[in-house]
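Peer 1: could you look at this predicted model? Sequence included:
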2 protein chains.
Amino acid sequence: MAKCLVTFLPENISVEAEQGTSIKQIANSIGIALKSTCGEEGTCGRCAVKVKGGKVINLGGNLSSRLRKTGHVLACRTLVEEDVVVEIPKESRLDEHQVLVEETPEKGVLAEKELDLLSGYEFDPICRTVYLELSPPTITENASDFTRLTAELRKHLDCQHVRMPLPILRTLAETLRGADWKVSVSVVRFRDTAHVVNIQPGDTTALSYGLAVDVGTTTVVAYLVNLHTGEVVGKAGTYNKQAIYGDDVISRIIYANEPNGLERLHEAVIGTVNELVDKLCTEHQVDRTNINVAVTAGNTTMAHLFLGLPPKYIRLDPYIPTAADLPPATAKELGLSINPEAWVFSFPAVASYVGGDIVSGILCTRVSQSDQMTLFIDIGTNGEMVLGNRDFMMTCACSAGPAFEGGG
Amino acid sequence: MAKCLVTFLPENISVEAEQGTSIKQIANSIGIALKSTCGEEGTCGRCAVKVKGGKVINLGGNLSSRLRKTGHVLACRTLVEEDVVVEIPKESRLDEHQVLVEETPEKGVLAEKELDLLSGYEFDPICRTVYLELSPPTITENASDFTRLTAELRKHLDCQHVRMPLPILRTLAETLRGADWKVSVSVVRFRDTAHVVNIQPGDTTALSYGLAVDVGTTTVVAYLVNLHTGEVVGKAGTYNKQAIYGDDVISRIIYANEPNGLERLHEAVIGTVNELVDKLCTEHQVDRTNINVAVTAGNTTMAHLFLGLPPKYIRLDPYIPTAADLPPATAKELGLSINPEAWVFSFPAVASYVGGDIVSGILCTRVSQSDQMTLFIDIGTNGEMVLGNRDFMMTCACSAGPAFEGGG
């Protein structure tokens, strides 16, 4: 297949691509993200670009006559035939959105609210780090390393069982002896078992971190939390890299059915979170392998894609997710660039269109514990409402983004 | 580095090797296994070979004057300098050992004993396969696939929780729909949780298998068990491929300290079990991915190497294993070529030199439940004894192999 040189304006970036490739795919390949709602079906009309020179094949599609008259084409339906120059208007770019990361003002309503939301909860992190000073083994007191460690751990933690993954067990003997039997052990408690996720020499209890991630359809926001103090040490937000494959959940579900579509969407959202981890760890000088647990919340489709579960039947009658009560996974299973043995929890969903983001919101605002009737509203690319009190709760959802964006 | 052509007799197999490589390493590389007790230190004198032509560098070592006079050298201490011809005597070959796989005669003492040993135990396999016919979801009865499956599963199994690993959850939606909601689910019960390890379309309850493995220092024996009937459908034994790195536990522990030594020993024993799995599955026409659980027993060092745990401190005063209560692992973590999600259990050890093989023997013979005083003896490369009854048990161990082999 012949190669074509494609130049994008106003960046003036050039890239070689195979003849017959769509302009949208070429733009994606070098990180220029174009809007799309239709999963590259040529129906949403959002990826309009202008070909300034060179020959292309225009397969048509849904584009307003105004844009057609001004020489625009759909990037997803236009294939390059030879060297071409393409101008990408501001309106077609994904990064013209604005990511909202809540700021905590010194005074004011938001700050008060935030205090209200958190004050009622005790600080009891799902991952605890305990500093242990073990007595070295002798010829008469010769329990195994694992038994020695867990016996001491049980004095500090209330748990019936202790499990340790093989990679940590494989280094246990040298870690204990290298640290002169003084180590910090991080455990994630799940049901009646303490799962060891990290063992480090010396007292590193103050250096254990957790990550809370809001996985939105359009934006992803991560909070880095010190698990010793409970302090939120940093926040960062960015676009969900999945957006290049469609900008609402339905177009993502459609794209997930394409060959390798699910893998690409999974890698895109994991890549997005990893970018935020990079940023937070650099800014706050935190070793990424000290992030020992992560908790994520998102709508049901986002939660499926985050775990690599196929969202196909969320869209088809009778609208069934693979799982609503989502299982914990390890960071290494998902490809998250934190401690590979860290546990990653997903907030449970209610149904296909009421996800873990709403459940976490209800938990946080305590609608379900209040006598007062409350209306809880989440306005995002998808919008959800919950009405209720301690006696009952009703919920519904719809696609809200287009109402604000004037499209859809 | 110059290449030398090394020819082994009487096989008359030739192989290219780098100048300066030891004859033992070259023989190992093409699967000719030589005896060794010393971890290639030149002290055990077991790998004697005869150089029939070509120049070598003989670094000396411990070899009887009788063998020296007849032109023998130690393969581990002799480096090739140019093209050479090497004769390997029968006495130096590992495969001159005989692997003992118990046969079940039609009549006689062994058969009676075998019945005695098994008859007292109920058939209650750790992995059960249950056939489920689920009702398809509707718009009003729209629970998630996972909830639908587990609700039905709980009707058949007594367990508090159900967990499903991500790879199985990722295919659940298509498996259920492709099977018209009729599936067989294999679960391993561990503590209060049923862990799903396999889901197959239709009723495959009769096709679920377990593997029991005796991981010996010299030989490895595997039993393939039908988990539906409890029948032992096949047995197979072979040499532990680790033997090329030393033929008792001490020389293996020494070798494990070499660079990549532990990885090689781990891969060698896993490779040995995989060879037996191949043989059993071919002979009995069993799909290897239907082996849903494995149970292994071995001395403490073998159990460590099987899991990839460093055995170093088993040998050093005060003789401490990494773990005696060994954790279950998955087949994919270990590289076993059965169902990748299968759980692999290791019998717990008592101490560094009394392993899970002895524990399984005591369980099976019920020494610990009897009023009678019993002496339990395991004669292997390592020998162990247990004396006791329901009130007490004492145990000791020593290196027994050399007593029978006239060496050590």
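Peer 2: Sure, I can see it.

Peer 1: what pLDDT is listed against the nearest residue to A:Phe190 once chain neighbours are set aside?
Peer 2: Once flanking residues are discounted, A:Phe190 sits nearest to A:Pro328: 6.5 Å by CB to CB, 6 or more residues apart in numbering or on different chains. Yep, even glycine has a C-beta here, placed from its N, CA and C like the rest. pLDDT for A:Pro328: 97.

Peer 1: what does the one 10 residues further on give?
Peer 2: At A:Ile338, the predicted lDDT confidence score is 98.

Peer 1: so what's it closest to, chain neighbours aside?
Peer 2: In space, A:Ile338 is closest to A:Ile291, 3.8 Å off (CB to CB, 6+ apart).

Peer 1: same question, A:Ser14
Peer 2: Spatial nearest neighbour of A:Ser14, chain neighbours left out: A:Thr7 (4.4 Å); criterion: CB to CB, 6+ apart.

Peer 1: next SSE after the helix or strand harbouring that neighbour?
Peer 2: Using DSSP states H and E, A:Thr7 maps to strand A:3-9. Going down the chain from strand A:3-9, the next helix or strand is strand A:13-18, by DSSP H and E.

Peer 1: just checking: what are the partner strands of that next one?
Peer 2: strand A:3-9 (antiparallel) (DSSP bridges).

Peer 1: and the helices in the stretch 1-150 of chain A?
Peer 2: Secondary structure of the stretch 1-150 of chain A, counting by DSSP state H, counting those that start in this stretch: helices at A:23-29, A:65-69, A:109-119, A:145-156.

Peer 1: out of the ones you listed, which gets the lowest mean score?
Peer 2: Sorting these by mean pLDDT places helix A:109-119 lowest, at a mean of 48.

Peer 1: and the stretch 251-400 of chain A, which residues reach chain B?
Peer 2: The stretch 251-400 of chain A has residues A:307-310, A:312-313, A:317-325, A:327, A:329, A:333, A:351-352 near chain B, with proximity defined as CB under 8 Å from any CB of the partner chain.

Peer 1: quick one, what contacts the most centrally placed residue in chain A?
Peer 2: With distances taken as CA atoms, centre = their mean, A:Val215 lies nearest the centre of chain A, 4.2 Å away. Applying CB atoms under 8 Å, 6 or more residues apart in numbering or on different chains to A:Val215 gives the contacts A:240, A:269, A:273, A:296-298, A:302-303, A:306, A:357.

Peer 1: so what's the residue count around the residue nearest to it when sequence neighbours are not counted?
Peer 2: Of all residues not flanking A:Val215 in the chain, A:Gly298 sits nearest, at 3.4 Å (CB to CB, 6+ apart). Number of residues near A:Gly298 (other CB atoms under 10 Å in any protein chain shown) recorded here: 26.

Peer 1: ok, A:Gly298 touching A:Phe306?
Peer 2: Yes - when contacts are counted by CB atoms under 8 Å, A:Gly298 is listed as touching A:Phe306 (6.4 Å).

Peer 1: circling back: which ones among the residues of the stretch 251-400 of chain A next to chain B map onto strands?
Peer 2: Taking DSSP state E, the ones among these that sit in strands are A:Ala329.

Peer 1: just the buried residues of the residues of the stretch 251-400 of chain A next to chain B.
Peer 2: With burial judged by 16 or more other CB atoms under 10 Å in any protein chain shown, the buried subset of these is A:307-310, A:312-313, A:320-324, A:327, A:329, A:351-352.

Peer 1: out of those residues, the closest to B:Arg77 would be?
Peer 2: Of all those, A:Ala329 has the smallest distance to B:Arg77: 50.8 Å, by CB to CB.
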